[in-house]
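K.L.:
Build me a model:
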Amino acid sequence: MPQLNLDCEGPLTVNDNAFELCAQFIPRGDRFFALVSKYDDYLADVEKRPGYKAGDTLKLILPFLKAHGITNETIREFSKKTLKVLRGAIELLRFASRNWPTFIISTSYCPYLEALCEISGFPMENVFCTRIDLDRLHPSEKELRLLRDLAQEIADLPMIEIPEGASRLEDLPPESRETIRRLEEIFWKVIPGLETGRFLEETNPVGGREKARAVEESLARTGNTAEEVLYVGDSITDVEAFELVRKARGGSVSFNGNRYALRSAEFFALAPQAASIACLMAVFDRDGREGLLREAEKGLFQACKALPEDLSLWAEEFRFGKVGDDFEALVKESEAFRRRVRGEAIGALG
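P.N.:
Numbering: from 1, shown residues only. Next up, the predicted model:
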């Protein structure tokens, strides 16, 4: 029996939990997180730094969350209060769990996934997520003040701009290069000398190759091959998982995805709700990748009408297709749809 592997933020929820934590608890934290996220994009996709992977933003921000009084309990309670699911996501999770081996593979912090599992009944043992413990370190007040000052300095830096096709630092505008040079000092010279620098050493976010590794671990549990996986994601953290599944001729679907996701997935889906993923999985279960190819030729998906009522009520028509030649037009359309569904600030993140 084939299996469904899902990213969380995007296909299931509209939040970006880490962004929202920063925006809530760090002064000008929205700007701070957006800039660190762009730095993450640069390191993972432009420089391709050895040992660094997409999604490591979630370890870079931990010292600053600690400096602003965030505890494990803060994250748990904040996640419960702010969790916002995509329409039909709970129904999707319940339906998928009854019919196929289903896994969530998320870069998000585990307390956020625990909140989703609590309201949906989805088994936490089928979730891969980023494990953290903010309470185990006890930095000095001097260090905490330094980190708070650095957070404001980062928020003041010019935003990093990454031109399409950039492959080295020199391809970026001068202001962006200066921003990156200062971030290099902060993250790889200043913070490693602090007590909270241990967060950078010991935290391993589930992004990039870790998502591909999670797919492989899920396959070890089910006995399937990657050809039998439908993987649904939306961002730069899903690239390696997309590539693993696509190479095996499984199903790789960018769901309201950004440029990074579209560049790596074979298929795209644009939908204002999550129930449409059940339609894709039903087709994949019956006919595998070939079924998806046939549906992609039609453009507008009708299979949702055959779903049980608790899903078909949510699954209005959506657009589905194969990522093709008119790539830039698709990126523009998908990223606009992404911003409409998730909001401008979150939709613009990598």
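K.L.:
how many other residues sit next to Arg136?
P.N.:
By other Cβ atoms under 10 Å, 10 other residues sit near Arg136. All C-beta atoms are positioned from the backbone trio N, CA, C, and that covers glycine.
K.L.:
Can you give me the separation between it and Leu200?
P.N.:
14 Å (Cβ to Cβ, to the nearest Å).
K.L.:
likewise Phe25?
P.N.:
From Phe25 to Leu200 the distance is 19 Å (Cβ to Cβ).
K.L.:
Near Gly51, how many other residues are there?
P.N.:
By other Cβ under 10 Å, the residues close to Gly51 number 6.
K.L.:
where does it land in three-state SS?
P.N.:
In three-state terms, and counting by DSSP: H, G, I helix; E, B strand; the rest coil, Gly51 is coil.
K.L.:
Look up how far Ala274 lies from it.
P.N.:
Distance from Gly51 to Ala274, by Cβ to Cβ: 34 Å.
K.L.:
Check Ser79 too.
P.N.:
Distance, Ser79 to Ala274, by Cβ to Cβ: 18 Å.
K.L.:
for Arg148, same thing?
P.N.:
38 Å.
K.L.:
Between those two, which is the more surrounded one?
P.N.:
Between Arg148 and Ala274, counted using other Cβ under 10 Å, the more crowded position is Ala274 (26 against 15).
K.L.:
pLDDT at that one, what is it?
P.N.:
On pLDDT, Ala274 comes in at 92.
K.L.:
Also Leu307?
P.N.:
In the predicted model, Leu307 carries a pLDDT score of 63.
K.L.:
Also Glu344?
P.N.:
On pLDDT, Glu344 comes in at 68.
K.L.:
do the same with Ala271
P.N.:
91.
K.L.:
Tell me who's in contact with it.
P.N.:
255-256, 318-319 (Cβ atoms under 8 Å, 6 or more residues apart in numbering).
K.L.:
most neighbours, which of the residues you listed?
P.N.:
Phe255 (31 neighbours).
K.L.:
Help me confirm that it comes into contact with Ala269.
P.N.:
Yes: Phe255 is in contact with Ala269 according to Cβ atoms under 8 Å; the separation is 5.0 Å.
K.L.:
Identify the contacts common to those two.
P.N.:
Counting by Cβ under 8 Å, 6+ apart, the shared contacts of Phe255 and Ala269 are 232, 277.
K.L.:
give me every residue that touches Val229.
P.N.:
Residues in contact with Val229 (Cβ under 8 Å, 6+ apart) are 2-5, 215, 218-219, 245, 248, 250-251.
K.L.:
meant to ask about Glu266, not that
P.N.:
When contacts are taken as Cβ under 8 Å, 6+ apart, Glu266 is in contact with 242, 246, 251-253, 289, 322-323.
K.L.:
do that again at 6 Å, thanks
P.N.:
When contacts are counted by Cβ atoms under 6 Å, 6 or more residues apart in numbering, Glu266 touches 246, 252.
K.L.:
Could you report the separation of it from Ile180?
P.N.:
For Glu266, the distance to Ile180 - Cβ to Cβ - is 32 Å.
K.L.:
which strands and helices sit next to the lengthiest helix in the chain?
P.N.:
Secondary structure of the chain per DSSP state H: the longest helix is helix 276-298. Packing partners of helix 276-298 (3 or more Cβ pairs under 6 Å, 6 or more residues apart in numbering; DSSP states H and E): helix 89-99, strand 229-233, strand 251-255.
K.L.:
pLDDT (mean, whole number) over the second one?
P.N.:
Translated: strand 229-233. Strand 229-233 carries an average pLDDT of 98.
K.L.:
Just give the strands next to it in its sheet, each with its orientation.
P.N.:
With DSSP bridges as the test, strand 229-233 is paired with strand 3-6 (parallel), strand 251-255 (parallel).
K.L.:
if you average pLDDT over the longest one, what comes out?
P.N.:
In other words, strand 251-255. Rounded mean pLDDT across strand 251-255 is 98.
K.L.:
Out of the contacts of Ala271, which is nearest to Asp41?
P.N.:
Asn256 (18.0 Å; Cβ to Cβ).
K.L.:
Could you tell me which residues make contact with the closest one?
P.N.:
234, 337-338, 341.
K.L.:
Which stretches in the stretch 51-200 of the chain count as strands?
P.N.:
With strands called from DSSP state E, counting those that start in this stretch, the stretch 51-200 of the chain shows them at 102-109, 127-130.
K.L.:
Check what contacts the shortest one and list those residues.
P.N.:
Residues lying outside strand 127-130 but in contact with it, judged by Cβ under 6 Å, 6+ apart, are 58, 104-110, 113, 205-206, 214.
K.L.:
quick check, nearest of those residues to Glu47?
P.N.:
Distances from Glu47 to the contacts of strand 127-130, taken by Cβ to Cβ, are shortest for Pro205, at 17.6 Å.
K.L.:
so what's Leu137 up against?
P.N.:
Here Leu137 is in contact with Glu195 (criterion: Cβ under 6 Å, 6+ apart).
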